[in-house]
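In: sequence first, then the predicted structure, then my questions.
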Amino acid sequence: MNPILEAIEKRQSLRNFGGPAVTDGERKQILHAAMRAPTAGNMMMYSVIQIRSKETLQTLAETCDHQPFIGKASFGLLFLADLQKWHDYFCAVGLEKEFTAEELAPKASDLLLGINDAVIAAQTAVIAAESLGVGSCYIGDIMEQKEIHQKLFSLPRWVFPAAFLVFGKAPEGSSRPMTPRFDEKYVVFDETYQTLGSDDFDEMFARYTEKEKEWGVSFGEKLFKRKMVSDFAMEMDRSVRAYWREWMGEEE
Ligand SMILES: Cc1cc2nc3c(=O)[nH]c(=O)nc-3n(C[C@H](O)[C@H](O)[C@H](O)COP(=O)(O)O)c2cc1C
């Protein structure tokens, strides 16, 4: 296996940041690698906020659904879908004379492209970090608490927090089992989309059959209640809808 495939194979989300601090040199290499990621139209419709302040990391440990390990990270990188700078640039070169405010406003598709750009850069940072022996973990809860996070990072209207990563090193000698993945046949389809049925699901989720007897409910029911309709999921939905309305200029 070549070193890149090896890094991809061995990577796992790290939440135990009890090892030595990530050095400035390593952080700079990770950022440099992230910026080499592919980007739509070479426009880099993203910005990255590096978070080195312990105080800010502690705040995020609370506002991102109470995850204390965030506060122990060496640093965090917040990848923002950023169309604000493009909007401001287009205005700066005089396009306001030719186009209406509505025409100059970033569109829904720009938001999705910006999110693509930001997430691709983030994942490039993850792999670069892994290659340097630096662990990382995504924090999806960064999309929650819009009002608090916009204020904390001074985010303007056409900026959306697409991905948040925390970085650190594991204590020497620590290890844990790799997380499993679904069988490839449920993920990779040939040529056209394949709709899955009950028999497929029985096989796809077979690894939970024993546990289901213990729980007295299906894995699906357990997961749905924990992830899809829980308090944090409701808050994420509220917050994302509020970002969307603000981006699109829809009335509250
Ligand atoms: C978009 C996204 C959001 C995530 N959010 C969190 C999070 O808030 N907290 C956390 O501990 N892990 C989070 N994770 C990590 C996943 O739980 C982890 O990737 C998954 O369980 C697979 O484990 P592995 O990364 O070790 O292979 C997130 C991962 C992704 C891709």
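Out: Good, I have the coordinates. Numbering: from 1, shown residues only.

In: got a list of what the residue of the stretch 151-252 of the chain found nearest the ligand touches?
Out: With C-beta to the nearest ligand atom, the shortest gap between the stretch 151-252 of the chain and the ligand falls at residue 179, namely 3.8 Å. Any C-beta I mention is one placed from the backbone N, CA and C, and that applies to glycine too. Going by C-beta atoms under 8 Å, 6 or more residues apart in numbering, residue 179 touches 12, 13.

In: give me the element it is part of.
Out: If you go by DSSP states H and E, residue 179 is not part of any helix or strand.

In: what do you get for residue 118?
Out: helix 108-131.

In: buried ones in that helix?
Out: 110-111, 113-131 (16 or more other C-beta atoms under 10 Å).

In: contact residues of the chain facing the ligand?
Out: Proximity of the chain to the ligand, by C-beta under 6 Å from any ligand atom, involves residues 12, 13, 15, 67, 137, 138, 139, 140, 141, 179.

In: so what's the backbone phi/psi at whatever residue of the stretch 51-200 of the chain ends up closest to the ligand?
Out: Of all residues in the stretch 51-200 of the chain, residue 140 sits closest to the ligand, at 3.1 Å by C-beta to the nearest ligand atom. With angles defined as degrees, to the nearest 10, residue 140 sits at phi -70, psi -20.

In: distance of it from residue 53?
Out: Separation of residue 140 from residue 53 (C-beta to C-beta, to the nearest Å): 22 Å.

In: pretty sure residue 202 belongs to a strand, no?
Out: No: under DSSP: H, G, I helix; E, B strand; the rest coil, residue 202 sits outside any strand and is assigned helix.

In: okay, now the closest residue to residue 204 other than its chain neighbours: neighbour count?
Out: For residue 204, ignoring the flanking residues on the chain, the nearest one in space by C-beta to C-beta, 6 or more residues apart in numbering is residue 186 at 4.9 Å. Neighbour count of residue 186, defined by other C-beta atoms under 10 Å: 15.

In: for residue 186, phi and psi?
Out: phi -90, psi 0.

In: thinking it is in contact with residue 206, fair?
Out: No: Residue 186 is not in contact with residue 206 according to C-beta atoms under 8 Å; the separation is 11.3 Å.

In: farthest from the middle of this protein: give me that residue.
Out: residue 97 (37.4 Å; C-alpha atoms, centre = their mean).

In: now the residue minimising distance to the centre of the chain: which helix or strand?
Out: Nearest to the mean C-alpha position of the chain, by C-alpha atoms, centre = their mean, lies residue 163 at 2.9 Å. In this structure, residue 163 sits in strand 159-168 according to DSSP H and E.

In: and the pLDDT at the residue nearest to residue 204?
Out: We have a pLDDT of 97 for residue 186.

In: buried residues, stretch 81-90. List them.
Out: 81, 82, 83, 84, 85, 86, 87, 90.
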